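Chemist: dropping the sequence and predicted coords here.
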There are 2 protein chains.
Amino acid sequence: MGNYAELWKRLGVDLKRHDKLCEVLPEIYSSVYLNQEDRPEGMNYFNMVISEIHGLRIEELDKERAKGRKVVGTFCVFVPDEVILALDAISIGLCAGSEFWVQSGETVMPKNMCPLIKAFMGAATDATCPYYLSTDLIVGETTCDGKKKAWEIMKDKKDIYVMDLPQMKREKDILHWKEEILAFIDRMEKLTGNKLTVEKLKAGIKLCNEKRRALKRLNDLRKNKPSPISGLDCLLITQIAFYDDPKRFIENTNKLCDELEERVKSGKIKNNKKRILVTGTPMAVPNWKLHSLIESLDAEVVLEESCTGSRYFENEVSEEGDTIEELAYNIAKRYMKINCACFTPNEGRAEDIVRYSKEYKVDGVIDYCLSFCHTYAVEHRSLKKVLEENNIPILRIETDYSNEDAGQLTTRIEAFLEMI
Amino acid sequence: MGNYAELWKRLGVDLKRHDKLCEVLPEIYSSVYLNQEDRPEGMNYFNMVISEIHGLRIEELDKERAKGRKVVGTFCVFVPDEVILALDAISIGLCAGSEFWVQSGETVMPKNMCPLIKAFMGAATDATCPYYLSTDLIVGETTCDGKKKAWEIMKDKKDIYVMDLPQMKREKDILHWKEEILAFIDRMEKLTGNKLTVEKLKAGIKLCNEKRRALKRLNDLRKNKPSPISGLDCLLITQIAFYDDPKRFIENTNKLCDELEERVKSGKIKNNKKRILVTGTPMAVPNWKLHSLIESLDAEVVLEESCTGSRYFENEVSEEGDTIEELAYNIAKRYMKINCACFTPNEGRAEDIVRYSKEYKVDGVIDYCLSFCHTYAVEHRSLKKVLEENNIPILRIETDYSNEDAGQLTTRIEAFLEMI
């Protein structure tokens, strides 16, 4: 990584603490990622993005801000990027996936809260996340109790706007979400000083759909047996999708897909690995824990049914419509198709997993739950029932970001792989 | 208690298991309640209600159901009793406060979930709650992650209707809640076969307001120093308010208040106890744990800022209006004034506590949080800040229904009392 100390300092980064973070990441990345055999050439772009995670991209954001563009930080796939992009702002997903931040997070949040929330509150508290420090506005939502209340603490330091996500999926709830999107447009117009037009919103929708299509194309390639790419690499790409420049991301993802298609045609990749679908709570960068455990065994992850997976790229927003109101309704409709456990009921999630299990020729499902995430924890019971009715083996894993349980988890996953 | 075995059996109660529950309660009640010195005569009614908790009232419900009336079970102070009463149905609060049910609850819910939710799911699962078994409809809401998802498990056995509570308090959210109330009216009309009229709804509002006034009158009497009634007794009365016949409850509460007014005038009660306001998560019957610990020391609880306290009786619904729509808006407006931690932000709660602390001449506040309740746990931080700014001492207690930590809690409360 280049020398960005000047820039970090200007952003308010605690350089000493940040140095410690910078020491940890390359080591983990190298052992988890660079040791993989036979990786596609196209992963070099993503290697570069990660190696420059707090450098190049931060510099880009800084340059764009100097030109007057605004940076918006988000924590959830429900915040509509379409609106942010249409108003010429930059969207950055801020969910944090490192144990590094958990301790600081626990100074402002209860210990018995999910590590993702503790980590992003820690990153926000201890001034070691240059992305957070580069944002002009944070957009929160009411998806879960922990996040909903975290905004109240974060708002002492940051400008925060919260969107009220309805907790059910009736037509009236879609309309409620449309109203929230229209209110968000107002807020974003004020932030950027730009005026939204139908054309601009259509362009935002188009760009987001294109990104979804690139990710869908990548994930469709995993349906091949064996998959031409590891689960670890795919997870990484999805994680990067949340903060990379969208156009460059689409281009590089499609280039990788070209290569993967060649791989499939060539028939070069041969293995008989067990095919695992991982479902559940999101895995924010650099949370590669479960994937690296699974893929260290004779298994590959062929899909993530999660917010850092299919929930992020499935379903496009319709580009049809002549008014902002109509387009906002299209956006609302698409987002309300996301089968997050924050809804009651959320039967679509189990249906998705059953369908994916066929499409991706899945041998078993691992239901991954971050500790203390109530919604996914409760939902396991009904999910298990549906999967068992469909003869799909399922293993539940509840864990946090620490490595203490790695041995125990490996044993459990090994036993599961032997059984299926 | 009389012999109700026949009735219980008909309701589907697991008699053997239920016997065990019936053995525990009188003993606890006797040691916690009947040992109090100098109790008001008027408490005899409430002693009787508790001693007949699974008897007389269940028999009443049975008789009313035989006449065609419907019984609606609720778990939250957000479900508008006005509507239920207006349609000639009976409302029963079902939140469960006994450790007895936690183990069964853990067979269907995660262990790291609040004991209140585990207990009511346990009571629902193991067929030992004749109230639950007497309901024709359960009304849930989306107040917290745990409850929101519990309905999905409960619905396998029971007819459940869920109301979507918005998570913020803007005017549009009040309107959203009004729409939910109108939808609930539809559902209740279908359940009861009755048609709602403006007059009936006004009568429902009137009755609920009258109950609120009786509870307010009782609680206002606690502003006297010393209070003419113990915190334990007041908590009990509020708990009983959730399931007793409203008219009889109002009558007996007012009768007790007459007696308490006499007590105050007589100046007979003399003590110099520390005056504690308890705030936080609800205490469902028979959860008397914290109050009994506090009042076993030289202190008295003078108010509960909770759903089994001021949030239940504060603010009346306006009876002004000529249409159901107008009255539904009045109801929505009153309920959206409840300062529950499920909202973001929820600044009104701290403001209430500061105001109550003056009105009730409070020496210290205990912030009571059931284990794993995220919303109240996170809110402690901002509450503490506000109270400290106002020089009000605060102690945080996180606990469940078990008695394992009773000794430790007593020590902490003792130290707090010495300090204030």
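Modeler: Yes, it's here.

Chemist: residues contacting the nearest residue to A:T135 once chain neighbours are set aside?
Modeler: Once flanking residues are discounted, A:T135 sits nearest to A:G73: 3.8 Å by C-beta to C-beta, 6 or more residues apart in numbering or on different chains. Every residue, glycine included, has its C-beta placed from N, CA and C. A:G73 makes contact with A:92-94, A:131-132, A:135, A:137-139, according to C-beta atoms under 8 Å, 6 or more residues apart in numbering or on different chains.

Chemist: now A:V301. Its backbone dihedrals?
Modeler: Reported as degrees, to the nearest 10, the phi and psi values for A:V301 are phi -90, psi 120.

Chemist: so who does it touch?
Modeler: A:V301 neighbours (C-beta under 8 Å, 6+ apart): A:230-232, A:234-235, A:276-278, A:291, A:294-295.

Chemist: for A:I50, same thing?
Modeler: A:25, A:29, A:33, A:236, A:240, A:285.

Chemist: can you do 10 Å?
Modeler: When contacts are counted by C-beta atoms under 10 Å, 6 or more residues apart in numbering or on different chains, A:I50 touches A:25-26, A:29, A:33, A:43, A:236, A:239-240, A:285-286.

Chemist: and A:R275, helix, strand or coil?
Modeler: strand (DSSP: H, G, I helix; E, B strand; the rest coil).

Chemist: helices along the stretch 301-420 of chain A, start to end?
Modeler: Counting by DSSP state H, counting those that start in this stretch, the stretch 301-420 of chain A has these helices, from start to end: A:310-313, A:324-335, A:347-359, A:374-389, A:406-419.

Chemist: could you list the buried residues of the fourth one?
Modeler: For helix A:374-389, burial by neighbour count (16 or more other C-beta atoms under 10 Å in any protein chain shown) applies to A:374-384, A:386-387.

Chemist: give the other helices and strands that it contacts.
Modeler: Applying 3 or more C-beta pairs under 10 Å, 6 or more residues apart in numbering or on different chains; DSSP states H and E, one finds that helix A:374-389 makes contact with helix A:145-154, strand A:274-280, helix A:347-359, strand A:364-370, strand A:394-399, helix B:115-125, helix B:145-154.

Chemist: can you add mean pLDDT and distance to B:V79 and give the ones you listed back as CSV?
Modeler: Below are these laid out as CSV (pLDDT from 0 to 100; distance: least, C-beta to C-beta, whole Å):
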stretch, mean pLDDT, distance to B:V79
helix A:145-154, 97, 19
strand A:274-280, 98, 31
helix A:347-359, 98, 24
strand A:364-370, 98, 30
strand A:394-399, 98, 32
helix B:115-125, 96, 14
helix B:145-154, 97, 11
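
Chemist: rebuild those as JSON lines, extending it with mean neighbour count.
Modeler: Below are the helices and strands packed on helix A:374-389 laid out as JSON lines (neighbours: other C-beta atoms under 10 Å in any protein chain shown):
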{"stretch": "helix A:145-154", "mean neighbour count": "24"}
{"stretch": "strand A:274-280", "mean neighbour count": "25"}
{"stretch": "helix A:347-359", "mean neighbour count": "18"}
{"stretch": "strand A:364-370", "mean neighbour count": "23"}
{"stretch": "strand A:394-399", "mean neighbour count": "19"}
{"stretch": "helix B:115-125", "mean neighbour count": "26"}
{"stretch": "helix B:145-154", "mean neighbour count": "24"}
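
Chemist: got those as CSV, with distance to A:W101 columns?
Modeler: What follows is these, written out as CSV (distance: least, C-beta to C-beta, whole Å):
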stretch, distance to A:W101
helix A:145-154, 13
strand A:274-280, 21
helix A:347-359, 28
strand A:364-370, 14
strand A:394-399, 17
helix B:115-125, 29
helix B:145-154, 22
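
Chemist: coming back round to it: for the contacts of A:V301, which one is nearest A:K211?
Modeler: Nearest to A:K211, judged by C-beta to C-beta, of the contacts of A:V301 is A:C234 at 14.8 Å.

Chemist: the closest one against A:G309, yeah?
Modeler: Yes. A:C234 lies in contact with A:G309 (C-beta atoms under 10 Å); the separation is 8.3 Å.

Chemist: what is in contact with those two at once?
Modeler: A:215, A:219, A:301, A:303.

Chemist: residues in contact with A:C76?
Modeler: A:93-95, A:139-144, A:147, A:163, A:165, A:282, A:307, A:338, A:340, A:342.

Chemist: among the residues you listed, which lie within strands?
Modeler: Members of the contacts of A:C76 lying in strands (criterion: DSSP state E): A:93, A:139-141, A:163.

Chemist: filter the residues you listed by proximity to chain B?
Modeler: A:140-141, A:163 (C-beta under 10 Å from any C-beta of the partner chain).

Chemist: any chance of these in JSON lines, with distance to A:G68 and pLDDT too?
Modeler: Converted to JSON lines, those look like this (distance: C-beta to C-beta, whole Å; pLDDT from 0 to 100):
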{"residue": "A:G140", "distance to A:G68": "24", "pLDDT": "98"}
{"residue": "A:E141", "distance to A:G68": "27", "pLDDT": "98"}
{"residue": "A:M163", "distance to A:G68": "25", "pLDDT": "98"}
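
Chemist: for the closest residue to A:T344 other than its chain neighbours, give its distance to B:L290.
Modeler: Nearest residue to A:T344 in three dimensions, chain neighbours excluded: B:K148, at 4.7 Å (C-beta to C-beta, 6+ apart). To B:L290, B:K148 is 26 Å away according to C-beta to C-beta, to the nearest Å.

Chemist: kindly report the same for A:D88.
Modeler: 54 Å.

Chemist: what of A:T279?
Modeler: Using C-beta to C-beta, one gets 39 Å for the distance from A:T279 to B:L290.

Chemist: before we move on, what about A:N287?
Modeler: Using C-beta to C-beta, A:N287 is found at 38 Å from B:L290.

Chemist: all strands of the stretch 101-250 of chain A, in order?
Modeler: A:137-141, A:160-163 (DSSP state E, counting those that start in this stretch).

Chemist: strand partners of the shortest one, parallel vs antiparallel please.
Modeler: Strands that pair with strand A:160-163, judged by DSSP bridges, come out as strand A:137-141 (parallel).

Chemist: report the buried residues of the strand it pairs with.
Modeler: Buried-residue list, strand A:137-141, by 16+ other C-beta under 10 Å: A:137-141.

Chemist: let's see that strand as PDB, backbone CA atoms only.
Modeler: Only the C-alpha atoms of strand A:137-141 are listed here, as PDB (Å, rounded to 0.1, in the frame of the first residue of the first chain):
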ATOM      1  CA  LEU A 137     -24.000  11.200   5.700                       C
ATOM      2  CA  ILE A 138     -24.800   7.900   7.300                       C
ATOM      3  CA  VAL A 139     -28.000   6.200   6.300                       C
ATOM      4  CA  GLY A 140     -29.400   3.800   8.800                       C
ATOM      5  CA  GLU A 141     -32.600   1.700   8.800                       C
END
